[in-house]
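Student: Next comes the sequence, and after it the predicted model I'd like to discuss.
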Amino acid sequence: MDETRKSLLARLKTASNNNDWEALYEQYRAIILSFCLKQGLDEFGARDVLQETMILLMRKLPGFEYDPQKGRFRNWLLALVAGKVRDAHRRARRHQFVALDANSDVDRSLGHDAVAPAADCSNALEETWMQGLVEEALRRIQRDPKTKVETFEVFHAYVIAGNSVPDVARQFRLQENTVYQIKNRLLKRLRDEILQLERPNLPVKKQSPHLCA
């Protein structure tokens with residue numbers, strides 16, 4: 001297979017290329033941080049999880065078999081991140097309990113229940129992860145120089161904020177049909193961006209800022 005057509009994951013499995021690792025980091029940085037914050041970590045803890053996840057990916061990726069038809073990478077990555085989030089919560093609880101009286105019955109009962117079982121890819125985790133994907137995809141569309149400011153504002157007012165088409169049309173002095181056209185056009189771009197985020201299949205050549213930011 002031509003090197004320019006090999007997937008990012010395939011290259012990471014066979015070579016130690018700093019540019020490829022940087023591309024992977026930039027592709028998932030905002031999504032992982034958003035997921036961690038939604039799971040109750042502070043910014044410091046979220047950044048710790050991000051770094052730990054990237055280190056773990058460097059160890060695990062050589063043995064990972066990527067099947068884009070099944071979307072396995074997203075589920076696998078979500079499981080890794082969710083595990084690191086639980087580890088961070090465990091460390092925070094242990095740190096909290098050290099300051100308490102170890103002989104207290106109340107403290108012992110708290111410690112026993114501190115780590116609740118959770119599935120790596122439960123519906124709740126999947127939903128939170130998808131929220132992060134959508135948010136990052138929207139940021140990329142908004143930062144894209146090809147996206148006009150008013151076009152994004154119309155899309156946001158109608159699709160994200162939930163205003164009615166007549167209200168949006170009046171606000172921006174547009175025909176209602178134009179509002180529908182903007183919605184359809186940006187929804188397609190949104191789906192494309194989400195697919196790009198879910199399937200790390202970036203070409204070797206340097207990415208444009210709106211794809212790698």
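Tutor: In hand now; what should we look at?

Student: And the next helix or strand past the helix or strand Ile141 falls within?
Tutor: Here Ile141 sits within helix 123-143, counting by DSSP states H and E. For helix 123-143, the following helix or strand on the C-terminal side (DSSP H and E) is helix 149-155.

Student: Now do the buried residues in that following helix.
Tutor: Of the residues in helix 149-155, Thr151, Phe152, Glu153, Val154, Phe155 count as buried by neighbour count, 16 or more other C-beta atoms under 10 Å. Every C-beta, even on glycine, is put in place using the N, C-alpha and C of the backbone.

Student: which among these gets closest to Val134?
Tutor: For the buried residues of helix 149-155, the minimum distance to Val134 (C-beta to C-beta) is 12.9 Å, reached by Phe155.

Student: Would you mark the buried spots in the helix holding Ile141?
Tutor: The neighbour-count check on helix 123-143 (16+ other C-beta under 10 Å) flags Leu125, Thr128, Trp129, Met130, Gly132, Leu133, Val134, Glu136, Ala137, Leu138, Arg140, Ile141 as buried.

Student: What of stretch 182-194?
Tutor: So for stretch 182-194, counting by 16+ other C-beta under 10 Å, buried means Ile182, Lys183, Leu186, Arg189, Leu190, Glu193, Ile194.

Student: if I pick the second one, what's in contact with it?
Tutor: Lys183 sits next to Phe155, Tyr158, Val159 when contact means C-beta atoms under 8 Å, 6 or more residues apart in numbering.

Student: so what's the first one scoring on pLDDT?
Tutor: Which is Phe155. Looking at Phe155, its pLDDT reads 96.

Student: what's the longest helix in this structure?
Tutor: Ranked by number of residues, the top helix in the chain under DSSP state H is helix 72-98.

Student: got the angle for that one vs helix 123-143?
Tutor: Computed with axes from the mean of the first three to the mean of the last three C-alpha atoms, to 10 degrees, the direction of helix 72-98 lies at 110 degrees from that of helix 123-143.

Student: Isn't Val168 up against Val159?
Tutor: No - using C-beta atoms under 8 Å, Val168 is not in contact with Val159; the gap is 9.6 Å.

Student: ok, the buried residues of helix 149-155 vs Glu43, which is closest?
Tutor: Phe152 (26.7 Å).
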